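**Q** just the structure for this:
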Amino acid sequence: MASDRLPLAGVKLPAGAGSISGLRVLIVDDEAPARARLRRLLGGFVGVQVVGEAGDGEAALAAAATLAPDLLLLDIQMPGIGGLDVAASLPDPAPAVVFVTAFDRYALDAFDAAAVDYLLKPVEPERLSRAIDRARERRTLRAAVPLPPPAQLLVPDRGRTHVVPLADIHWLEAADNYVVVHAAGRSPLLRRTLAALLADLGDGFVRCHRGAAVALAQVQQLQVRDKGDATAVLRSGAQVPVSRQFRAALVRQLGER
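**A** All right, here's what the predicted structure looks like:
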């Protein structure tokens, strides 16, 4: 049987890695023995620090926002908010995610959620070592090269994942800690803040109101109202409010297209 601890010589570190540039890990699993095993395994890695544990999805999101880990070791099947929903709801800048599960049937959904790896329980030390290496490489690449905006959004919904191409999105509507994604023929609900989502989408979307943003390519005309407010009329016929605070920036970006 493989040992729970890795020999330090078997762990590859990128140049300059050490305690200062160590990988901060949050362990998320609803089973305490599974969390304890992962903690023991991680104890054999140089430059890896377990900064916390969470036993459900809600606690995981709170811990991720507070602790700012570099990596989540994340179970998929948990009561309440499942692992896939957690991955889609992480605060920006989002940590790397390695799913750790007893089931192989979620692998496609996991990689659609941009996971860096997918481990099956019981986790073998050598397999965890490769996942740690991938998480380190991702952190190095993200620091060196800004990520381009995605071509599509992945919106988890009760065990399913909706794939919404960015080209289909007309506008975005804030709803507390969620965003209603108004797209062609559907309006799925994404568990993210509007500000965090816009930070990922690039310059094709612009905020036009405290609770709304529009896809610039979808704006057909801007109707100015009293007191400096306006309405953005989209190609779909939708009318989106534009507040005076955001109107000038919207006009400028429309003029630059």
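
**Q** for Leu190, see how far away Gly52 is.
**A** Remark: distance between Gly52 and Leu190 (CB to CB, to the nearest Å) = 25 Å. C-betas here are computed from N, CA, C, even on glycine.

**Q** what about the two, which has more around it?
**A** Shown here are Gly52 and Leu190; by other CB atoms under 10 Å, Leu190 has more neighbours (22 against 17).

**Q** in the stretch 1-150 of the chain, which spans are helices?
**A** 32-42, 57-67, 83-88, 107-112, 125-144 (DSSP state H, counting those that start in this stretch).

**Q** output the contacting helices and strands for the fourth one.
**A** When you say that, I think you mean helix 107-112. helix 83-88, strand 117-120, strand 160-165 (3 or more CB pairs under 8 Å, 6 or more residues apart in numbering; DSSP states H and E).

**Q** mind running it again at 10 Å?
**A** Applying 3 or more CB pairs under 10 Å, 6 or more residues apart in numbering; DSSP states H and E, one finds that helix 107-112 contacts helix 83-88, strand 96-101, strand 117-120, strand 152-157, strand 160-165.

**Q** show me what it is in contact with.
**A** 74, 76, 83-84, 87-88, 97-99, 101, 104, 106, 115-118, 120, 152, 154, 156, 159-161, 163 (CB atoms under 10 Å, 6 or more residues apart in numbering).

**Q** one step back: need the helices of the stretch 1-150 of the chain in CSV with mean neighbour count, can you?
**A** Formatted as CSV, the helices of the stretch 1-150 of the chain follow (neighbours: other CB atoms under 10 Å):
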stretch, mean neighbour count
helix 32-42, 17
helix 57-67, 18
helix 83-88, 25
helix 107-112, 16
helix 125-144, 16
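
**Q** pLDDT weak spots in the stretch 51-200 of the chain?
**A** For the stretch 51-200 of the chain, the stretches flagged by pLDDT under 70 are 91-92, 112, 145-147, 159.

**Q** so Ala217, which state does it fall into?
**A** Assigned by DSSP: H, G, I helix; E, B strand; the rest coil, the conformation of Ala217 is helix.

**Q** distance check, the residue lying closest to it once chain neighbours are set aside against Leu250.
**A** Closest residue to Ala217 apart from its sequence neighbours, by CB to CB, 6 or more residues apart in numbering: Gly204 at 6.6 Å. Using CB to CB, we find Gly204 at a distance of 13 Å from Leu250.

**Q** circling back: compile the helices of the stretch 1-150 of the chain into CSV and extend it with columns for distance to Val179.
**A** Compiled in CSV, those are given as follows (distance: least, CB to CB, whole Å):
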stretch, distance to Val179
helix 32-42, 31
helix 57-67, 15
helix 83-88, 11
helix 107-112, 19
helix 125-144, 23
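
**Q** domain parsing for the chain?
**A** 8-144, 152-255 (automatic domain parsing).
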